[in-house]
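Participant: coords please:
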Amino acid sequence: MGRNKEIAIEMIKHKKVKIFDGITRNIFILGFVSLFTDVSSQMVFPLIPLFLTTVLGAGAYAVGVVEGAAETTASLLKVVSGHWSDKIKKRKPFVLFGYSLSSLTKPLFAFANVWFFVLFVRVVERVGKGLRTAPRDALVAESCDAGVRGKAYGFHRAMDGIGSILGAVLAFLLLPILGYRNIFLFAFIPGIIAVFVILFVKEKNAPAKGPQEKPVKLSFKELPKNLRLFIIVSSIFTLGHFGYAFLLLRAKNIGLSDNMAILLYVLFYVVYTICIIPAGILSDKIGRKSVLVAGYLVFAITSFGLIYTSNIYNILLFFVIYGIFYAMIDGVQRAFVVDLAPKHLKATALGTFHTAIGLVALPGGFIAGLLWDKIRPEATFLYGLILVIISMFLFIFVKGKTKIAN
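Facilitator: Numbering: from 1, shown residues only. Got it, this is the predicted structure:
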């Protein structure tokens, strides 16, 4: 009996170790950078839709424009920073400057009196995200073996999720005490901590350029056909992906308070954080495409369900399901882009992907908000359902690897 117990303990220890196999020092550090950044961000961003509609008196169209413009701005820079990063073979300077700009900008939301100023600050803050995202994602890929790439991205996004949970919980606890504007100011502290942590990232020295190495060109045609097709499919899907902002508006639409809406947002991120590492590991084993298609299917279920949601129990369920969906695609699609990209164009490919899906975020957010204001909330979710069905069909033509080699 004692021997069996020892064997069981050793098996448990072994399983615990395996979870972190391949998660290198750089990935841990970048994980903590994302954690502190998202503590800061999620003290602010889930409050923005509520701040716009409750405090500034803006409509749902303003929420759609602000969120869409923010992502579009970030995305316009992602391909440029990714390409530049590949060209000079450096990642860390982009990561450091990008996180610094975002951290310095967030407190400015406290001084907004009209929704146009919120739009301006949100756009400037997203410039920082645009500069850092592709180089950072490339740095994650370069800091691990290909066979654990899905897990590595899953771990990084999970740390991001933990920070989001902490930030949203702080927003929930502090909102009745500090109010919107003081919370925006307080968010500066964890943001600066994140910038300090970046200093511990160690970037490998770039190898000398070989005689046969291809020059780095900024062109969509330089990417493989299969990767280009995946980017197109992802862009169509993103055009209909209404995002968490409209889940929060749906919660308010059925009569929930701002604080209760924030709690549902916390629930979404708890589910996301729990599921994202298993989703990444699963994609390492069965292939990225299978996981992504399943994620699209879960989003279709979410969109369909939100059309008929009318009480707290239904909205609670769909915040959970949305968390599962987001976990299934967030890290896996990044890993899939790296899988399909040429070795010398990893950051360029990631930047192109992020830029493409971000460029459709503005029209997508505007359409979602317009449908909400001019027709009815259900029209927004029907729109999302139609676009995800089209995306799932087109995904048939994207070739995916069934197993990722080391």
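Participant: From C275, how far out is A294?
Facilitator: 12 Å (CB to CB, to the nearest Å). For the C-beta atoms, the positions are set from N, CA and C on the backbone; glycine is no exception.
Participant: joint contacts of those two?
Facilitator: Here A294 and C275 share the contacting residues M328, scored by CB atoms under 8 Å, 6 or more residues apart in numbering.
Participant: So for those two, which residue has more residues nearby?
Facilitator: C275 (21 against 18; other CB atoms under 10 Å).
Participant: center of the protein - which residue?
Facilitator: D330 (5.6 Å; CA atoms, centre = their mean).
Participant: What is the helix or strand harbouring it packed up against?
Facilitator: Element membership for D330, per DSSP states H and E: helix 312-340. Applying 3 or more CB pairs under 8 Å, 6 or more residues apart in numbering; DSSP states H and E, one finds that helix 312-340 makes contact with helix 115-142, helix 149-186, helix 225-240, helix 244-253, helix 258-286, helix 288-307, helix 346-359.
Participant: out of those, which comes closest to A368?
Facilitator: Closest approach to A368 among the helices and strands packed on helix 312-340 (CB to CB): helix 244-253, 6.0 Å.
Participant: by contact count, what packs against the closest one?
Facilitator: Checked by 3+ CB pairs under 8 Å, 6+ apart, helix 244-253 has helix 47-50, helix 60-88, helix 258-286, helix 312-340, helix 377-394 packed alongside it.
Participant: List the buried residues for the last one?
Facilitator: The neighbour-count criterion (16 or more other CB atoms under 10 Å) identifies 377, 379-385, 387-388, 391-392, 394 as the buried residues of helix 377-394.
Participant: Return the mean pLDDT over that helix, rounded to an integer.
Facilitator: In this model, helix 377-394 has an average pLDDT of 95.
Participant: then it to CSV, C-alphas only?
Facilitator: The C-alpha coordinates for helix 377-394 follow below in CSV (Å, rounded to 0.1, in the frame of the first residue of the first chain):
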residue,chain,number,x,y,z
PRO,A,377,-29.8,43.7,-30.2
GLU,A,378,-30.7,40.3,-31.7
ALA,A,379,-29.7,41.5,-35.1
THR,A,380,-26.1,41.9,-33.9
PHE,A,381,-25.8,38.3,-32.9
LEU,A,382,-27.6,37.0,-36.0
TYR,A,383,-25.0,38.9,-38.0
GLY,A,384,-22.2,37.2,-36.1
LEU,A,385,-23.8,33.8,-36.7
ILE,A,386,-24.0,34.3,-40.4
LEU,A,387,-20.3,35.4,-40.7
VAL,A,388,-19.0,32.5,-38.6
ILE,A,389,-21.0,30.0,-40.7
ILE,A,390,-19.3,31.4,-43.9
SER,A,391,-15.9,31.2,-42.2
MET,A,392,-16.4,27.6,-41.2
PHE,A,393,-17.2,26.7,-44.8
LEU,A,394,-14.1,28.5,-46.2
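Participant: which stretches of the stretch 1-150 of the chain aren't confidently modelled?
Facilitator: 1-20 (pLDDT under 70).
Participant: 50 instead?
Facilitator: 1, 4-5, 7-17 (pLDDT under 50).
Participant: got it, and the stretch 201-350 of the chain?
Facilitator: Residues of the stretch 201-350 of the chain that meet the criterion pLDDT under 50 lie in 207-212, 215-217.
Participant: who's in contact with the residue lying closest to L108 once chain neighbours are set aside?
Facilitator: Closest residue to L108 apart from its sequence neighbours, by CB to CB, 6 or more residues apart in numbering: V121 at 4.6 Å. Contacts for V121 (CB under 8 Å, 6+ apart) come out as 105, 108-109, 112.
Participant: The closest residue to R181 other than its chain neighbours and V169, how far apart?
Facilitator: Distance criterion CB to CB, 6+ apart; nearest residue to R181, sequence neighbours excluded, is A110 at 4.1 Å. Remark: distance between A110 and V169 (CB to CB) = 20 Å.
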